[in-house]
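K.L.:
sequence-free structure coming up:
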């Protein structure tokens, strides 16, 4: 799943990401079980260039599967909701 970044800058995102990652560590492979929030322009860029993207939760990968088939990453969702707040 993707969404546009609505502001706050990377400093805010970096602090929120660090805070959330320190609260709860996901087990190896957990990121593979979810759809992740990524800015739409980065998804388009990745589709054109093959360049990996980085989700709000920190996962870095090259998208290639249907995000509708997986639940939303709880870390991405929490970060996104805090940024929108």
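P.N.:
Arrived safely, thanks for sending. Source: prediction; values computed, not measured.
K.L.:
going forward, measure contacts and count neighbours with C-alpha atoms only.
P.N.:
Noted.
K.L.:
now do stretch 54-61: distance from first to last residue.
P.N.:
Stretch 54-61 has an end-to-end distance of 7 Å (CA to CA, to the nearest Å).
K.L.:
output the lowest mean pLDDT helix or strand found in the chain.
P.N.:
For the chain, counting by mean pLDDT, DSSP states H and E, helix 9-23 ranks last in confidence among helices and strands (a mean of 58).
K.L.:
and the gap between residue 67 and residue 85?
P.N.:
Residue 67 sits at a distance of 24 Å from residue 85 (criterion: CA to CA).
K.L.:
which one of these two has more residues nearby?
P.N.:
residue 67 (15 against 6; other CA atoms under 10 Å).
K.L.:
so that one makes contact with residue 33?
P.N.:
No: the pair residue 67 and residue 33 fails to qualify as a contact (CA atoms under 8 Å) at a distance of 10.1 Å.
K.L.:
okay, buried residues for stretch 53-71 please.
P.N.:
Across stretch 53-71, burial judged by 16 or more other CA atoms under 10 Å covers 53-58, 63.
K.L.:
if you could redo that for stretch 78-85, that was the one I meant.
P.N.:
78-80, 83.
K.L.:
can you map out the helices along this protein?
P.N.:
Using DSSP state H, the helices found in the chain span residues 9-23, 40-49, 74-84.
K.L.:
skipping its backbone neighbours, what lies nearest residue 71 in space?
P.N.:
Once flanking residues are discounted, residue 71 sits nearest to residue 34: 5.2 Å by CA to CA, 6 or more residues apart in numbering.
K.L.:
for the one you found, what are its contacts?
P.N.:
The neighbours of residue 34, taking CA atoms under 8 Å, 6 or more residues apart in numbering as the test, are 67, 70-73.
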